[in-house]
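Based on what follows, work out the 3D shape:
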Amino acid sequence: MKVPKYYRIKEAILELIADLPPGSAVPTERDLASRFDTSRTTVRQAIAELVVDGKLVRTQGSGTFVAQPKMMRVRPLSSFSQDLAMDGWRPGSVVLDISELTADRELAERLRVQPGTPVHRVERLRTAFDEPIAHETAFLPGPLLGLPERLAEHGSLYRTLREEYGAVVATAEDVVETALADPVTADLLGVDTGLPMLLVQRTGWDPAGNVVEWTESKFRGDRFRFMSRQQLDWAADATRP
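This next block holds a predicted model:
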């Protein structure tokens, strides 16, 4: 099978940066094109794929650098902060907006409330070591008096819901798919428009089966990966024909 030239350059760049620590500057496109005797267009394509793969990171006006290893979000149920803390990252969040709105038909169906019911919308920028990682919007049913102040006090949304309002997320379902960063998300996360993202839509229920949250999160595909760990029921499988 014929291997595209940009792919060979991509592999060569990987070898070049293999022993470099995160944050190290990568030679310019001009220098790389000269080093590998190829065009800058070919180098640019190789670098673009390495950025998507999370091996390199581009900073506008500064250059291209070796990226930090991708952060991992482990399943089953855990919060963003718990996942990052377990991996040694410093989680954080910036509240962009907390508002109250009436649920339209689609949102009412997700939250299992009547259309027109007042619900809360919490929009946040999630960070690790102060680096933007995800854009998250949570929709919460029920009266949540003083939510902005309570969330500012506790920091964690799940902790706020549990300790201030008695709403505990006991079960959650995550639907994960890919999407491309739109201009608004790209600006918030400091990435290029069109960067592949991990789009995660979570529904959380309390022990009684009531919906506590419906959240949509857009994670940077170059900085995050998801891992799912499940227990297989071999005994049940053995009974199948």
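
Next, give phi and psi for residue 152.
phi -60, psi -30 (degrees, to the nearest 10).

And the one 4 residues further on, by the same measure?
Main-chain dihedrals, residue 156, degrees, to the nearest 10: phi -80, psi 130.

go on, the one 5 residues further on?
Note on residue 161: backbone dihedrals following degrees, to the nearest 10 are phi -60, psi -40.

Please apply the same query to residue 200.
The phi/psi pair for residue 200 (degrees, to the nearest 10) is phi -120, psi 120.

what do you get for the one 10 residues further on?
Note on residue 210: its backbone torsions stand at phi -80, psi 140 [degrees, to the nearest 10].

For it, which non-adjacent residue is closest in space?
Excluding the flanking residues, the one nearest residue 210 by CB to CB, 6 or more residues apart in numbering is residue 112, at 7.4 Å. C-beta coordinates here come from the backbone N, C-alpha and C atoms, glycine included.

Spit out the contact partners of that neighbour.
Residue 112 sits next to 141, 210, 211 when contact means CB atoms under 8 Å, 6 or more residues apart in numbering.

Which of those residues has the largest number of neighbours?
residue 141 (22 neighbours; other CB atoms under 10 Å).

what residues are up against it?
Taking CB under 8 Å, 6+ apart as the contact definition, residue 141 lies against 103, 111, 112, 113, 117, 119, 211, 212.

Most neighbours among those, which one is it?
residue 212 (23 neighbours).

What does that residue show for phi and psi?
Per-residue torsions, residue 212: phi -100, psi -30 (degrees, to the nearest 10).

show me the contacts for it.
Per CB under 8 Å, 6+ apart, neighbours of residue 212: 140, 141, 161, 167, 168, 169, 204, 205, 206.

Now with 7 Å, please.
161, 167, 169, 204, 205, 206 (CB atoms under 7 Å, 6 or more residues apart in numbering).

Let me know the closest of those to residue 14.
For those, the residue nearest residue 14 by CB to CB is residue 204; the value is 39.3 Å.

now the contacts of residue 141 as TSV including secondary structure?
Putting those into TSV (DSSP: H, G, I helix; E, B strand; the rest coil) gives the following:
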residue	secondary structure
103	coil
111	helix
112	coil
113	coil
117	coil
119	strand
211	strand
212	strand
